[in-house]
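**Student:** Show me how the following folds:
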Amino acid sequence: MEKKQPLSRRSFLKSIAAVAGGVASYSLLAACVPAAPSAPAGAPAAESDGAAAPANAPYDLSFMTWWLPPLVLGTAVEHAVEQFNENNPDINVTIEPNPGGTDGQLQKWQTGLAAGTAPDVTLMRPHFHTAFASRDALVQIDDLLAGETGVKRDDFWPQTLDRLSWDGKLWGLAAEIWFSFQFLNLDMFEAAGVDVPSDDWTWDDFLEIASQLTSGEGASKNYGTASLGGGWWHSMAWAWGGEVLDAEEQHCVTNLSPTPEAIQWTADLTLVHGVAPSSEELADQNETALFETGRVAMFERANWYLSEAQTKFQGNWTIMPNPIGPATRSSVVQGANYAIFSQTKNVEASWKLLYDMSVGNGQQVILNETGNFPPVQSLATIENLPNYEQRWIDVSETSAAVARPNHFVPKYVEWWNAARKELDEVWVGRKTAVEACEAMVPAIDAILAEA
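**Tutor:** Sure thing, here's the model as predicted:
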């Protein structure tokens with residue numbers, strides 16, 4: 001791979017200007033991504049600029065990721081890449097760090113695309129995937145996957161391919177998959193004399209249990225549950241039988257019953273029942289720390305938190321599927337993905353790396369060393385998941401049966417922020433859910449229309 005030239009100040013400022021006012025705007029990708037058709041499967045490597053590489057020299061590939069040491073997952077990725085290089089002497093993969101928050105990561109991808117220095121393969125957050133695919137910034141991989149004999153489309157959890165599809169085509173493979181479920185502090189249950197519920201519990205059961213587990217006042221108060229509003233409100237709407245966007249993902253429908261009722265029920269855990277901490281009660285604390293130190297009894301998280309709970313939780317815990325709502329049980333499915341940028345000069349080598357990290361030896365290395373859950377259903381066994389208990393696999397599969405991804409349309413960040421702006425007023429009691437749901441509809445519809 002040719003040496004990447006540093007961005008000039010003018011080029012850098014030009015690319016950054018496109019993100020003025022917030023890098024999360026997907027419409028900005030048009031200004032940052034040069035037109036580049038996706039390379040077909042099996043396309044030969046393009047000739048590199050400058051001097052030719054020595055005969056038999058390995059082809060250099062860049063792999064960008066935010067899974068980095070000292071995170072356990074980051075160390076596992078390093079080990080996976082090292083083994084890939086050993087098993088493929090004709091390819092040399094170099095890790096390019098992309099740490100920090102989502103805005104900074106998006107900016108780094110955009111800047112690289114604008115400068116023609118994008119990595120060959122990248123780990124990508126699910127809410128950015130369709131935005132880059134819609135700008136021809138990624139390699140479409142349907143034919144590449146069809147050419148493999150080891151794993152086929154039907155082997156993946158169906159939700160993983162849903163979140164990677166745009167315009168009827170597939171633009172990457174999953175790096176992981178996770179499903180949301182409840183973590184329970186068993187010590188708090190025992191101290192309060194409350195029985196652990198069965199897997200067929202309901203949200204009414206959840207509220208009753210949370211009330212029994214809430215005690216104390218002020219800085220020493222213990223809470224039955226963490227709040228469910230910030231990241232899980234759409235799952236609550238689904239459990240009540242409501243929707244957030246219509247089937248075509250072109251209009252917001254939060255104003256239609258029973259979505260407002262589900263959101264109000266969620267807010268009332270704090271506002272009416274006092275079983276979840278308010279923002280004022282949290283002050284400079286966070287709910288994760290409260291759970292890990294034994295002050296929150298029930299805490300919705302996902303597979304990615306299992307390894308964190310093992311190392312940080314002070315006491316005994318277990319996991320449960322989310323309760324059953326008035327309409328159904330619901331769970332959120334999400335996870336990071338791998339993609340090939342269309343600027344790559346070697347699609348074949350890039351695909352070999354992506355496939356290995358998603359479903360091959362690289363994936364197995366990560367499963368052996370972390371609490372990740374595999375994107376391929378056949379790998380979800382105790383033999384392939386040495387850091388799992390069978391209970392964790394069972395709860396994951398129960399959750400998978402009902403789990404849905406968020407609406408990761410190209411304008412996802414904008415519409416989600418518009419919803420959050422209104423819902424933040426609900427969580428503190430300044431608006432009712434009906435008022436907030438009515439107010440967000442025209443704002444979100446305008447955003448979706450722009451897409």
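
**Student:** Any figure for the gap between the residue lying closest to residue 278 once chain neighbours are set aside and residue 244?
**Tutor:** Among residues not flanking residue 278 along the chain, residue 270 sits closest, at 5.1 Å (C-beta to C-beta, 6 or more residues apart in numbering). C-betas here are computed from N, CA, C, even on glycine. Going from residue 270 to residue 244 by C-beta to C-beta, to the nearest Å gives 21 Å.

**Student:** show me the contacts for the residue nearest to residue 278.
**Tutor:** For residue 270, the contact set (C-beta atoms under 8 Å, 6 or more residues apart in numbering) comprises 227, 276-278, 427.

**Student:** And residue 24, what's its pLDDT?
**Tutor:** In this model, residue 24 is scored at 37, pLDDT.

**Student:** Also residue 8?
**Tutor:** For residue 8, the model assigns a pLDDT of 33.

**Student:** Next: residue 158.
**Tutor:** pLDDT recorded at residue 158 is 88.

**Student:** give me the number of residues near it?
**Tutor:** By the criterion of other C-beta atoms under 10 Å, residue 158 has 12 neighbours.

**Student:** And it, how far from residue 404?
**Tutor:** Counting by C-beta to C-beta - residue 158 and residue 404 are separated by 11 Å.

**Student:** re the thing from before, are any of the contacts of residue 270 buried, and which?
**Tutor:** For those, a neighbour count by 16 or more other C-beta atoms under 10 Å gives the buried set as 227, 276-277, 427.

**Student:** Export those to CSV and append columns for pLDDT, secondary structure and distance to residue 121.
**Tutor:** Output for the buried ones among the contacts of residue 270, formatted as CSV (pLDDT from 0 to 100; DSSP: H, G, I helix; E, B strand; the rest coil; distance: C-beta to C-beta, whole Å):
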residue, pLDDT, secondary structure, distance to residue 121
227, 93, coil, 37
276, 97, coil, 41
277, 95, coil, 41
427, 96, helix, 39
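
**Student:** quick one: which of the residues you listed is nearest to residue 367?
**Tutor:** Relative to residue 367, the closest of the buried ones among the contacts of residue 270 is residue 227; by C-beta to C-beta it sits at 31.5 Å.

**Student:** So which residue is dead centre in the chain?
**Tutor:** The structure's the chain has its C-alpha centroid closest to residue 335; by C-alpha atoms, centre = their mean the separation is 3.5 Å.

**Student:** from memory that one sits against residue 396, does it?
**Tutor:** No: applying C-beta atoms under 8 Å as the test, residue 335 and residue 396 come out as separate, 12.0 Å apart.

**Student:** The residue nearest to residue 278: helix or strand, and which one exactly?
**Tutor:** Using DSSP states H and E, residue 270 sits within helix 259-271.

**Student:** Export only the CA atoms of that helix, formatted as CSV.
**Tutor:** What follows is helix 259-271, C-alpha atoms only, in CSV (Å, rounded to 0.1, in the frame of the first residue of the first chain):
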residue,chain,number,x,y,z
THR,A,259,-46.7,4.4,21.9
PRO,A,260,-47.4,7.4,24.2
GLU,A,261,-48.8,5.1,26.8
ALA,A,262,-45.7,3.0,26.8
ILE,A,263,-43.4,6.0,27.1
GLN,A,264,-45.5,7.5,29.9
TRP,A,265,-45.4,4.2,31.8
THR,A,266,-41.6,4.2,31.4
ALA,A,267,-41.3,7.8,32.7
ASP,A,268,-43.5,7.1,35.6
LEU,A,269,-41.1,4.6,37.0
THR,A,270,-39.2,7.7,38.2
LEU,A,271,-41.9,10.4,38.3
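
**Student:** Which of the residues in that helix are classified as buried?
**Tutor:** Buried residues in helix 259-271, counted by 16+ other C-beta under 10 Å: 259-270.

**Student:** Give me the below-cutoff pLDDT ranges for the chain.
**Tutor:** Filtered on pLDDT under 70, the chain yields the residue ranges 1-56.

**Student:** Could you pull out the strands in it for me?
**Tutor:** For the chain, the strands defined by DSSP state E occupy 59-65, 91-97, 121-124, 165-166, 169-170, 173-174, 178-185, 223-225, 296-302, 317-320, 331-334, 337-340, 403-404.

**Student:** Settle this for me: residue 305 is touching residue 180, isn't it.
**Tutor:** No: using C-beta under 8 Å, residue 305 makes no contact with residue 180, being 9.6 Å away.

**Student:** Make TSV out of the strands of the chain and add distance to residue 83 and mean neighbour count.
**Tutor:** Putting the strands of the chain into TSV (distance: least, C-beta to C-beta, whole Å; neighbours: other C-beta atoms under 10 Å) gives the following:
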stretch	distance to residue 83	mean neighbour count
strand 59-65	13	22
strand 91-97	10	17
strand 121-124	16	26
strand 165-166	30	18
strand 169-170	26	16
strand 173-174	18	25
strand 178-185	24	23
strand 223-225	42	26
strand 296-302	27	24
strand 317-320	31	20
strand 331-334	27	24
strand 337-340	16	27
strand 403-404	31	20
